[in-house]
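**Student:** Build the 3D model from these lines:
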Amino acid sequence: MIYTVTFNPSLDYIVRLDDLRLGEINRVNYEQVLPGGKGINVSIVLSNLGHASTALGFVAGFTGKEIEVRMSAYGATCDFIQVKEGMSRINVKAKAKEETAINGLGPKITPEDIDALYAKLDALEAGDLLVIAGNVPSMLPSDIYERIMSRLDGRGIDIVVDAERDLLVNVLPYHPFLVKPNNHELGDIVGATIAHRDEVEPYARMLQERGARNVLVSMGGEGAVLVPEKGDVVMSEAPKGTMVNTVGAGDSMVAGFLTGWIESNGDYETAFKMGVCTGSASAFSDNLATRPEVEALLAKM
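**Tutor:** I've put the predicted structure just below:
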């Protein structure tokens, strides 16, 4: 079974308008409401690709209920902790000549709520996959990634981590199955500028030396690179297409990689290609990638 954790899920209200003028009434010409959060995106794309997962995290209020309704519409299973105080956040993303984002706060998460999440994670079994992704809200312990991985250490659970800087670096001693920085995040960690695919391997190896098993580096239009724990490095340029929306593309790559990994019984190249095409399919669409969109790109690789 696959599980995802999103600590601070959201409703994303996405609007487009010709121009955004501060201090005036602005009228949109397009609007969309989506459940948001990195783990949420992974669960939705997994569902789109035909694989079940359970989304874990914290929700509250009427917005929390709406997140669950919209997740269910995608066929994704939710097992959220219902927080008593506050409401799940609403993030506004206004796309005009420039893109502006206004992100909400989220609910008040108590120590009892955190214990409830730990209890759900304690029920995972050997062979399960767990995806932990995204930033940690201020009301949670800053080392919660480490606490979770320490708690599950040695139980045969493969853990995927998609996070920035210290959140990622600090969990490497627990040997995550997969880490997925982009080239800028990897550069921040190792103190280098990484602009081309052929520059990635030595820096990805640094993460492996510190404990990561597989390192998948997304690079936008430059493509992606996989440095696996076994076998040769795999790299590819990005599929051709019109960029529509980059939000969720990295999360989609994770979902695609896991789908390819499962369906190929652990073949790295298949998993990598599925990940690259799934990330691109989301970037080329207003919505997250669907199976037909991914397969159309795969046919061109």
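
**Student:** Show the contacting residues for residue 48.
**Tutor:** 74, 288-291 (C-beta atoms under 8 Å, 6 or more residues apart in numbering). Every residue, glycine included, has its C-beta placed from N, CA and C.

**Student:** what residues go with each domain of this protein?
**Tutor:** 1-19+29-169, 177-301 (automatic domain parsing).

**Student:** hmm, back to that, dump the contacts of residue 48 to a markdown table, plus secondary structure, distance to residue 133 and neighbour count.
**Tutor:** Listed next are the contacts of residue 48 as a markdown table, based on DSSP: H, G, I helix; E, B strand; the rest coil; distance: C-beta to C-beta, whole Å; neighbours: other C-beta atoms under 10 Å:
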| residue | secondary structure | distance to residue 133 | neighbour count |
| --- | --- | --- | --- |
| 74 | coil | 17 | 17 |
| 288 | coil | 14 | 25 |
| 289 | coil | 16 | 29 |
| 290 | coil | 21 | 16 |
| 291 | helix | 21 | 14 |
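
**Student:** Can you tell me which of those residues lies closest to residue 270?
**Tutor:** residue 291 (15.2 Å; C-beta to C-beta).

**Student:** burial count for the closest residue to that closest one other than its chain neighbours?
**Tutor:** Leaving out its chain neighbours, the residue that sits closest to residue 291 by C-beta to C-beta, 6 or more residues apart in numbering is residue 49, at 5.4 Å. By other C-beta atoms under 10 Å, the residues close to residue 49 number 22.

**Student:** Which phi and psi values does residue 49 adopt?
**Tutor:** The phi/psi pair for residue 49 (degrees, to the nearest 10) reads phi -90, psi 0.

**Student:** now do residue 57
**Tutor:** Per degrees, to the nearest 10, the backbone of residue 57 is at phi 150, psi -160.

**Student:** same thing with residue 99?
**Tutor:** phi -100, psi 130.

**Student:** Residue 93 is in contact with that one, correct?
**Tutor:** Yes. The criterion here is C-beta atoms under 8 Å, and residue 99 meets it with residue 93 at 6.8 Å.

**Student:** So between those two, which is more surrounded?
**Tutor:** The residue with more neighbours, out of residue 99 and residue 93 and counting by other C-beta under 10 Å, is residue 93; that gives 19 against 14.

**Student:** strands paired with the host helix or strand of that one, and their directions?
**Tutor:** Element membership for residue 93, per DSSP states H and E: strand 89-95. Looking at strand 89-95 with DSSP bridges, its partner strands are strand 10-16 (parallel), strand 99-102 (antiparallel).

**Student:** now for those strands, which one comes closest to residue 148?
**Tutor:** strand 10-16 (20.7 Å).

**Student:** Tell me the buried residues in whichever helix or strand comes after that closest one?
**Tutor:** Heading C-terminal from strand 10-16, the first helix or strand you meet, by DSSP H and E, is strand 30-36. Within strand 30-36, the residues that count as buried by 16 or more other C-beta atoms under 10 Å are 34-36.

**Student:** my read: residue 27 touches residue 15, true?
**Tutor:** No. Between residue 27 and residue 15 there is no contact under C-beta under 8 Å: 9.6 Å.

**Student:** the more surrounded of these two?
**Tutor:** Set residue 27 next to residue 15 and count neighbours by other C-beta under 10 Å: residue 15 wins out with 19 against 7.

**Student:** Disregarding residues adjacent in the polypeptide, which is nearest to residue 269?
**Tutor:** residue 234 (5.4 Å).

**Student:** For the one you found, give me the backbone phi and psi.
**Tutor:** phi -120, psi 130.

**Student:** So for the residue nearest to residue 291, what's the pLDDT?
**Tutor:** At residue 49, the model reports a pLDDT of 96.

**Student:** Roughly how far does it sit from residue 220?
**Tutor:** 22 Å (C-beta to C-beta, to the nearest Å).

**Student:** For residue 195, the count of nearby residues, please.
**Tutor:** Other residues close to residue 195 by other C-beta under 10 Å number 13.

**Student:** I'd like the contacts of residue 48 as JSON lines, with pLDDT and distance to residue 19 appended.
**Tutor:** Below are the contacts of residue 48 laid out as JSON lines (pLDDT from 0 to 100; distance: C-beta to C-beta, whole Å):
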{"residue": "74", "pLDDT": "90", "distance to residue 19": "33"}
{"residue": "288", "pLDDT": "91", "distance to residue 19": "28"}
{"residue": "289", "pLDDT": "89", "distance to residue 19": "30"}
{"residue": "290", "pLDDT": "93", "distance to residue 19": "32"}
{"residue": "291", "pLDDT": "95", "distance to residue 19": "37"}
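
**Student:** Check the residues you listed against residue 248 and report the nearest one.
**Tutor:** Looking across the contacts of residue 48 and measuring by C-beta to C-beta, the closest to residue 248 is residue 288, at 5.4 Å.
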